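# For reference, the sequence and a predicted model appear below.
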Amino acid sequence: MSSFENGQSSSNHVSDEKSGVYVNGEPVSLTDRTPTGRQVIAAADLRPDTEFALLLWPETGPTREIGLEEVTRIPKNGSAIEFLAIRADHVSYFVFDDDRYAWAGPLDLETIRRICRVPSNRTVWLELRDEPDRELEHGESVDLSGAGVERFYTRERKWRLDVQGEPTEWDHPDVIVRDALVRAGFDTSQKCVIVLKMKGKPHSAVELDDVIDLDQPGIERLWLRPKEVNNGDGQSPRRDFSLLPKDEDFFTASNYCWETIAEGGRRWLIIENYAVPRGYNVPSCRLALEIPRSYPSAQIDMFYCDPPLSHENGKAPPATDGRKTIVGVSFQRWSRHRNAANRWSPTRDNVATHLGLVDEALGREIEA
């Protein structure tokens with residue numbers, strides 16, 4: 001695998017101000033204004049020179065290979081000239097927006113953005129021959145050693161936000177909540193609680209004038225709940241047992257309608273109108289969580305849905321065949337359990353964090 005290697009200037013070199021030459025971002029000193037590639041590598045104290053590929057990286061335009069004996073003219077007007085020295089045994093090429101670039105070793109998205117000077121508001125796409133072109137993702141590398149020349153191009157970047165099941169698209173990452181609701185067709189004069197759902201994190205209430213940074217990882221959707229919610233029959237919700245204060249604070253902020261029910265020696269938390277991702281047979285369901293008597297020392301495990309959830313095509317997700325009757329209603333059991341990397345912590349975990357895992361499990365089935 002290739003890598004940049006920065007060298008330090010030798011003591012016998014004259015001031016780098018005379019040359020304005022940089023290798024891998026570090027200034028080097030040269031007495032000759034027509035150095036060979038070998039001299040440039042030597043000035044950067046990189047040894048042995050035969051193990052390095054030297055690329056000229058101009059202020060505009062593509063990189064190009066400089067041979068060990070090839071001469072490069074250093075401008076006399078003081079303009080900087082930049083080289084990249086990469087430990088590699090050969091030089092490959094790729095095309096970016098119709099320009100042909102030289103490169104050595106694997107090429108990742110971050111390098112393409114830097115070398116090709118891609119602005120942050122554009123995405124990088126890999127052109128494919130027998131399948132749809134693909135956007136490169138953070139940390140992804142492309143191997144240039146195969147047959148043919150890889151071709152890349154850019155598109156204007158778009159940010160997406162789901163608002164109560166309505167997809168919205170933006171050309172900037174900072175979105176005001178009010179603007180998101182208006183674009184999705186919602187009346188902002190209606191009194192409601194607005195909740196931001198993030199994967200693996202507790203839901204958080206937001207206000208109309210708050211700004212959402214769509215560059216944050218894990219943002220899933222905005223959803224709305226009326227500020228005045230009852231259980232549909234005019235009766236007060238059941239409170240057969242108390243939740244932890246932090247759980248009740250969470251429900252107060254999110255404005256869920258919820259009940260706690262003790263039945264048959266087991267304790268249940270029932271949440272009404274729990275929003276589910278697009279792609280299921282219903283937009284929301286009643287969600288039940290079993291709360292152990294020794295909670296939070298004992299973990300909350302699995303979750304239960306009414307009505308049973310299925311994909312829009314009618315196919316049921318795996319491990320959802322079980323049923324549990326709660327207050328006379330048959331709930332669908334989702335057998336989803338924590339893994340070793342995400343063990344329950346009595347000090348960290350609670351109802352809100354478990355709902356984050358519920359959302360992740362529901363979303364994963366739609367994305368699969």
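Yes, it's here.
# Give me the most central residue, the protein.
With distances taken as C-alpha atoms, centre = their mean, residue 217 lies nearest the centre of the chain, 4.2 Å away.
# Am I right that that one is in a helix?
No: assigned with DSSP: H, G, I helix; E, B strand; the rest coil, residue 217 falls outside any helix and is coil.
# what's the spacing between it and residue 201?
Residue 217 sits 10 Å away from residue 201, going by C-beta to C-beta, to the nearest Å. (C-beta placed from N, C-alpha, C; glycine too.)
# again, but for residue 243
Distance from residue 243 to residue 201, by C-beta to C-beta: 19 Å.
# ok, now residue 173?
Distance, residue 173 to residue 201, using C-beta to C-beta: 18 Å.
# try residue 239
Where residue 201 is concerned, residue 239 sits at a distance of 27 Å (C-beta to C-beta).
# Tell me which of those two has more neighbours.
Legend: neighbour count by other C-beta atoms under 10 Å for residue 239 and residue 201, higher for residue 201 (18 against 11).
# hang on, isn't that one packed against residue 356?
Yes: using C-beta atoms under 8 Å, residue 201 makes contact with residue 356 at a distance of 5.5 Å.
# Run through this structure and note the low-pLDDT ranges.
The model of the chain has pLDDT under 70 over residues 1-19, 78, 200, 225-235, 368.
# So which residues of it form helices?
Secondary structure of the chain by DSSP state H: the helices cover 37-43, 109-115, 177-183, 245-254, 351-367.
# for those, which one ends up most surrounded?
When the helices of the chain are scored by mean count of other C-beta atoms under 10 Å, the highest mean neighbour count falls to helix 37-43 (a mean of 22).
# Go ahead and name everything in contact with it.
The contact list for helix 37-43 (C-beta atoms under 8 Å, 6 or more residues apart in numbering) reads 7, 9-10, 13, 21, 23, 28-30, 32, 35, 49, 52, 54, 66-70, 72, 83, 85.
# Apply 10 Å and report the result again.
For helix 37-43, contacts defined as C-beta atoms under 10 Å, 6 or more residues apart in numbering pick out 7, 9-10, 13, 16, 19, 21, 23, 27-32, 35-36, 46-56, 65-72, 74, 81, 83, 85.
# List the contacts of residue 83.
21-25, 28, 35, 37, 40-41, 43-44, 54-57, 63, 66, 72.
# Roughly how far does it sit from residue 56?
Counting by C-beta to C-beta, the separation of residue 83 from residue 56 is 6 Å.
# With residue 109 instead?
According to C-beta to C-beta, residue 109 stands 23 Å off from residue 56.
# Check this structure for its longest strand and report it.
With secondary structure taken from DSSP state E, the chain has its longest strand at strand 266-275.
# Next, the distance between the ends of stretch 334-352.
End-to-end span of stretch 334-352 (C-alpha to C-alpha, to the nearest Å): 18 Å.
# So which bits of it are buried?
For stretch 334-352, burial by neighbour count (16 or more other C-beta atoms under 10 Å) applies to 334, 336, 344, 349-352.
# and if you look at stretch 285-295?
In terms of neighbour count (16+ other C-beta under 10 Å), stretch 285-295 has its buried residues at 285-291, 295.
# tell me how far it is from the chain's mean position?
In terms of C-alpha atoms, centre = their mean, to the nearest Å, the centre of stretch 285-295 is set 30 Å apart from its chain centre.
# Could you work out the end-to-end span of that stretch for me?
Termini of stretch 285-295 sit 24 Å apart (C-alpha to C-alpha).
# And for stretch 177-189?
End-to-end distance of stretch 177-189 (C-alpha to C-alpha): 13 Å.
# What about residue 133, how many residues nearby?
13.
# re the thing from before, strands - which of the buried residues of stretch 334-352 land there?
Taking DSSP E, the ones among these that sit in strands are residue 334.
# Name the nearest residue to residue 342, ignoring sequence neighbours.
Distance criterion C-beta to C-beta, 6 or more residues apart in numbering; nearest residue to residue 342, sequence neighbours excluded, is residue 357 at 7.7 Å.
# That neighbour against residue 350, yeah?
No: distance between residue 357 and residue 350: 11.6 Å, which falls outside the contact criterion (C-beta atoms under 10 Å).
# Return every residue with contacts to both of the two.
By C-beta under 10 Å, 6+ apart, the residues touching both residue 357 and residue 350 are residue 300.
# List the contacts of the residue nearest to residue 342.
Listed by C-beta under 10 Å, 6+ apart, the contact set of residue 357 reads 199-200, 300, 302-303, 336-338, 342, 349.
# Next, count neighbours for the residue lying closest to residue 41 once chain neighbours are set aside.
Closest residue to residue 41 apart from its sequence neighbours, by C-beta to C-beta, 6+ apart: residue 49 at 4.3 Å. For residue 49, the count of nearby residues is 17 (other C-beta under 10 Å).
# OK, contacts around residue 49?
The contact partners of residue 49, taken as C-beta under 10 Å, 6+ apart, are 36-42, 68, 85.
# Same check on residue 119?
Taking C-beta under 10 Å, 6+ apart as the test, what residue 119 contacts is 113, 154, 156-157.
# quick one on the thing from earlier: residues that sit against both of residue 201 and residue 356, list them.
Common neighbours of residue 201 and residue 356 (C-beta under 10 Å, 6+ apart) are 218, 220.
# wait, what's in contact with residue 108?
114, 136, 138-142.
# just wondering, since we're on it, how far is it from residue 143?
Taking C-beta to C-beta, one finds residue 108 at 11 Å from residue 143.
# What of residue 81?
In this view, residue 81 and residue 143 are 30 Å apart by C-beta to C-beta.
# Please say which of those two ends up with more neighbours.
Neighbours per residue, other C-beta under 10 Å: of residue 81 and residue 143, the larger number sits with residue 81, 19 against 10.
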